[in-house]
Structure formats: C-alpha cells, structure tokens
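Engineer: sequence and computational prediction follow.
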Amino acid sequence: MKALLFLWVLACFGLAQEPVAPPVAPPVVQEPEVEPSPGQPAGPEIPNPSGATVEVRVLPEAPITTPPAAVSFPTYAYITGTRVRLRGGPSDGHAILRDLRKGSAVRLLGQEGAWFKAQVPGGVDAFVSLGEGGKSYLSSSEPGVAVVAVTNLQVRGDASKNFPPLGKLQPGDRVQVLDTKNGFARITSPEAMGAYVYSGYVEMAADQAKAAADFDSEISRQTEEQNRLKAQAAARALAAETERASRERIQTVFSRYQTEAGKPLAQRDLTGLAEVIASAKAEAAANSPEASRLEVLSTSVQDWTRARSELERASARVAEVRREAEEAQTQYRRELEQILIRKQNAQPSAEKPGPYITTGWVRRSVVPGFPEAPNVTAPFALYQARDTRKFILESDRYNLADFVDKLVGVVAAAPPEDRPGQAFRVLKIEKIEIIDQR
C-alpha cells in the first residue's frame with residue numbers, strides 16, 4: 001500500500017531529471033584565405049573584434065551508423081532522402097553546398113567513413129576571397145574566366161570563413177567567376193574539390209547504365225536552362241545597350257536642333273535636320289517623352305521650312321522688281337537721250353535750240369593736252385549722248401561738280417572758244433539749268 005502511494009506522488013509531482021546536453025561539434029578555427037607556402041612567412045592574422053574563439057554548433061546530419069560496405073568506385077547511385085544536404089567535407093561541420101532532391105542521380109567517386117564523395121550534375125558553387133589588405137587574389141572579379149594570382153587560395157562552400165575549406169587553388173589555376181558576394185567570388189567548384197553526401201541517404205543503382213543516362217540527362221537539362229538564362233541575360237543586355245545608344249542618338253538630335261536654331265533661317269540645314277529627326281522618331285518608343293519632344297521638333301522644322309520658302313519667294317520678287325526698275329530707268333534715259341538728240345538735230349546749228357543754247361550730260365572727261373599738265377584732274381565736259389562729247393565746260397559762276405551725271409540745258413554762255421591743240425571747243429557757262437537729274 002505504501003509502495004502504491006509513493007508511485008502516485010511521483011506521478012503527480014514528477015521526477016526531477018538533469019537535462020542532457022546536446023552533442024557539440026568541435027570548434028572551427030578560422031583560417032587565412034591564403035595559406036603560406038613552405039618557406040614563406042604566414043599572412044596577416046584574421047581580425048576578430050570580440051576577441052573570442054569562433055565556434056560553430058551543428059546538429060548531426062543523421063544518426064551515427066555503421067559505415068557502408070566497400071563499394072567499387074566510380075559508381076552511380078540515387079538519393080533516397082527528401083532533402084539531403086551535399087556538404088563540403090565528410091562531417092556535419094562542413095558547409096552545405098546544396099540540397100539534393102529524392103531520386104536525384106549522383107556519381108560516387110570515393111568513400112570516407114560514413115560519407116561518400118559525390119559528383120552531382122552541373123557541379124556545385126564554391127567561393128574564394130577576392131583579396132585582403134589591398135591585394136587581389138584573382139586576376140578579375142568580373143563574371144568570366146579569372147586566373148588565381150596567389151598560393152594556396154582557400155576554396156570555401158560559403159561566402160564566409162565559418163566553415164573548413166574545400167580545397168586550395170594555386171597560381172595559374174583558372175576558375176569561372178559567376179558573381180561576387182561579401183568580398184568573395186562565387187565560382188564553379190573544380191571537380192577535384194570535395195562534395196560529400198551522407199551514405200544513409202544513398203542507394204546504389206541496380207541499373208548503372210540507366211543511372212548514368214539519368215545523370216547525363218540532368219546535366220543536359222541544366223545546360224539548356226543555363227543557356228536559356230544566358231540568352232535571356234544577353235537579350236536584356238542587348239536591349240539595354242540598344243536603348244542607351246538610341247537615347248544617345250536622340251540626345252544628339254536635340255543638340256543639333258539647338259545648334260541649327262541659333263543660325264539665321266537662311267543658313268539652317270533644314271533637310272538634314274528633318275532626316276535625323278525622322279530617324280530618331282522611328283527609334284523612340286511610342287508615347288515616350290522622347291517621342292513627344294521629337295514630334296515638337298519635327299513641327300518646328302516644318303514651320304521653318306515654310307517660313308524660309310516664303311522668305312525666298314519674297315526675296316526673289318524684290319530682286320525681280322529691282323531689276324525691272326533698273327531696266328525701266330535705263331530705258332527712260334535711253335529714250336530721253338534719243339529725244340534730245342533728235343530735237344537738237346532738228347534745230348539749225350547757228351540758232352539757239354529753243355530756250356537753250358545747247359543741251360547734254362555733264363561728266364568728267366580726260367582730254368589729251370588739256371590742261372597743259374597731263375594726268376591732272378579731268379575737266380568737265382558736255383556730252384550730246386552717252387559717248388559723244390560736244391564741249392569742254394568752264395564756269396566762274398557755277399561749281400560744275402554739282403551737275404555731274406545730270407541732263408542740263410545751257411541758257412547763256414560765251415561764244416565757244418577754240419584753243420590750240422584741242423579737239424573740242426571750250427564753252428564758258430554763264431547760266432545753266434538742270435533738265436533731268438535722274
């Protein structure tokens with residue numbers, strides 16, 4: 001009875017038990033990204049602001065089991081777990097490289113304890129440091145092929161130093177850089193680097209040929225997917241470059257418009273400007289701000305073209321009117337001269353022609369030997385017609401320069417005087433009148 005009572009008390013109040021501490025993985029010491037080669041001094045110490053030892057706690061990947069029986073490698077197998085982790089080393093303390101789906105075909109390359117060294121279709125990504133202390137570890141950090149520039153460059157399974165390295169690269173090794181992250185370059189892991197899967201989630205393929213075909217098929221599928229993504233990226237890059245180039249060309253059109261607008265209308269290259277605007281409009285996206293601005297520019301050029309056409313027509317008409325006026329003036333003078341000549345010829349030479357002794361055009365005239373010093377200022381002469389000289393003129397009353405190129409009539413004058421050595425008589429003017437001064 002007392003024993004039953006004791007059991008009842010234990011059931012009601014519980015039995016105090018000491019919790020069992022979970023298993024702890026050994027601490028992972030951070031290593032420098034570049035190990036010194038034999039005979040070289042060690043690199044700079046990795047800074048640790050806290051001063052504490054970095055320790056990583058991990059849970060076991062799977063219960064510890066007896067290592068599988070020896071297998072002949074290489075061989076093909078299938079993943080049996082739902083989400084099996086592929087790690088950078090044969091323990092739970094290594095970085096997770098990727099997750100494997102159930103039914104995935106893998107190629108086993110070797111065995112370390114309860115872990116298989118595995119190769120998966122498409123390989124795995126790994127990380128290497130870009131550099132420290134101003135020194136670059138790779139020839140380039142841009143996507144593409146890069147060359148290792150240092151000795152013993154650590155290859156890691158994550159963009160951090162919290163896990164043991166997968167392996168090392170040497171100077172001259174070539175890697176495919178995919179992108180960068182947190183000071184690390186993501187690369188395609190070399191096949192020689194470790195990738196491990198726990199043996200408890202792997203089943204050897206009974207049909208090796210089929211498993212190999214599945215493995216290769218997955219490689220092909222991933223390759224096609226990568227090619228598709230690359231093609232999409234290339235198409236996006238091409239579209240972006242095309243858009244950038246188009247915007248530059250459109251901006252060039254705007255600059256050219258401003259240059260032409262600063263010129264006089266008659267000097268603007270309207271035809272060339274209209275052509276480049278039309279080409280830019282064809283490139284600009286519909287309903288875009290650039291398309292709207294180009295439409296405004298096109299309308300302005302059309303207005304300039306119409307205005308210049310009207311200006312050219314008006315200028316041509318002005319020139320034509322001016323030419324007609326000059327021709328009319330010339331014809332008037334010619335007809336007036338003819339009238340005066342006919343009138344002069346109709347009068348007796350000894351008589352006074354109407355109210356004038358004589359008429360004609362006053363001009364400068366070089367007369368050989370007059371005056372006695374040659375090449376002095378030419379005297380004034382009275383011309384009957386354009387090229388018919390009649391008298392040499394002198395006057396004490398008038399400044400004959402006021403009558404040059406005017407049709408005049410001599411009202412009073414001394415009798416014409418013959419002078420020795422002169423082919424024309426000298427007429428000394430006492431009174432003169434302008435008949436026509438045009």
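Structural biologist: Arrived safely, thanks for sending.

Engineer: what ranges do the strands span in the stretch 51-200 of the chain?
Structural biologist: Residue ranges of the strands in the stretch 51-200 of the chain, as given by DSSP state E, counting those that start in this stretch, are 75-79, 83-87, 96-101, 105-112, 115-119, 125-129, 131-132, 135-136, 144-147, 153-155, 167-169, 174-181, 184-188, 196-198.

Engineer: can I get the ones you listed in TSV with mean neighbour count?
Structural biologist: For glycine as for every other residue, the C-beta is placed from the backbone atoms N, C-alpha and C. Converted to TSV, the strands of the stretch 51-200 of the chain look like this (neighbours: other CB atoms under 10 Å):
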stretch	mean neighbour count
strand 75-79	20
strand 83-87	20
strand 96-101	17
strand 105-112	19
strand 115-119	21
strand 125-129	24
strand 131-132	16
strand 135-136	12
strand 144-147	14
strand 153-155	23
strand 167-169	19
strand 174-181	16
strand 184-188	19
strand 196-198	24
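
Engineer: out of those strands, which is closest to A316?
Structural biologist: Smallest distance to A316 across the strands of the stretch 51-200 of the chain (CB to CB): 65.9 Å, for strand 144-147.

Engineer: tell me what the helix or strand E224 falls within is packed against?
Structural biologist: In this structure, E224 sits in helix 208-261 according to DSSP states H and E. Secondary-structure packing of helix 208-261 (3 or more CB pairs under 8 Å, 6 or more residues apart in numbering; DSSP states H and E): strand 75-79, strand 105-112, helix 270-283, helix 289-346.

Engineer: okay, the ones you listed in JSON lines with distance to I187 and mean pLDDT next?
Structural biologist: What follows is the helices and strands packed on helix 208-261, written out as JSON lines (distance: least, CB to CB, whole Å; pLDDT from 0 to 100):
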{"stretch": "strand 75-79", "distance to I187": "25", "mean pLDDT": "95"}
{"stretch": "strand 105-112", "distance to I187": "20", "mean pLDDT": "93"}
{"stretch": "helix 270-283", "distance to I187": "40", "mean pLDDT": "89"}
{"stretch": "helix 289-346", "distance to I187": "41", "mean pLDDT": "87"}
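
Engineer: turn those into JSON lines, including distance to R236.
Structural biologist: Formatted as JSON lines, the helices and strands packed on helix 208-261 follow (distance: least, CB to CB, whole Å):
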{"stretch": "strand 75-79", "distance to R236": "35"}
{"stretch": "strand 105-112", "distance to R236": "33"}
{"stretch": "helix 270-283", "distance to R236": "18"}
{"stretch": "helix 289-346", "distance to R236": "20"}
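
Engineer: pull out the buried residues from stretch 291-310.
Structural biologist: Going by neighbour count (16 or more other CB atoms under 10 Å), the buried part of stretch 291-310 is 293-294, 297-298, 301, 304-305.

Engineer: residues contacting the spatially closest residue to N182 that is not a sequence neighbour?
Structural biologist: Take N182 and drop its neighbours on the chain: the residue closest to it by CB to CB, 6 or more residues apart in numbering is A159, 4.6 Å away. Listed by CB atoms under 8 Å, 6 or more residues apart in numbering, the contact set of A159 reads 127, 181-184, 186.

Engineer: domains for the chain, by residue range?
Structural biologist: 75-208, 226-303, 358-436 (automatic domain parsing).

Engineer: among those domains, which comes closest to A328?
Structural biologist: Proximity to A328, assessed across the domains of the chain by CB to CB, is greatest for domain 358-436 (14.5 Å).

Engineer: show me which pair in the buried residues of stretch 291-310 is furthest apart.
Structural biologist: Farthest apart among these by CB to CB are R293 and T305. That separation is 19.0 Å.

Engineer: roughly how far apart are A278 and Y196?
Structural biologist: Between A278 and Y196 the distance is 65 Å, computed by CB to CB, to the nearest Å.

Engineer: I misspoke; the intended subject was K168.
Structural biologist: In terms of CB to CB, K168 sits 17 Å off from Y196.

Engineer: what's the answer for D303, then?
Structural biologist: D303 sits 77 Å away from Y196, going by CB to CB.

Engineer: check S189 too.
Structural biologist: Relative to Y196, S189 is positioned 12 Å away (CB to CB).

Engineer: same deal with D207?
Structural biologist: Look at D207 and Y196: by CB to CB, they are 24 Å apart.

Engineer: and for N399?
Structural biologist: Separation of N399 from Y196 (CB to CB): 125 Å.

Engineer: do P171 as well
Structural biologist: Distance, P171 to Y196, by CB to CB: 27 Å.

Engineer: I434 now?
Structural biologist: According to CB to CB, I434 stands 125 Å off from Y196.

Engineer: do the same with L130
Structural biologist: L130 sits 26 Å away from Y196, taking CB to CB as the criterion.

Engineer: ok, R249 next?
Structural biologist: R249 sits 56 Å away from Y196, taking CB to CB as the criterion.

Engineer: right, I'll leave it there.
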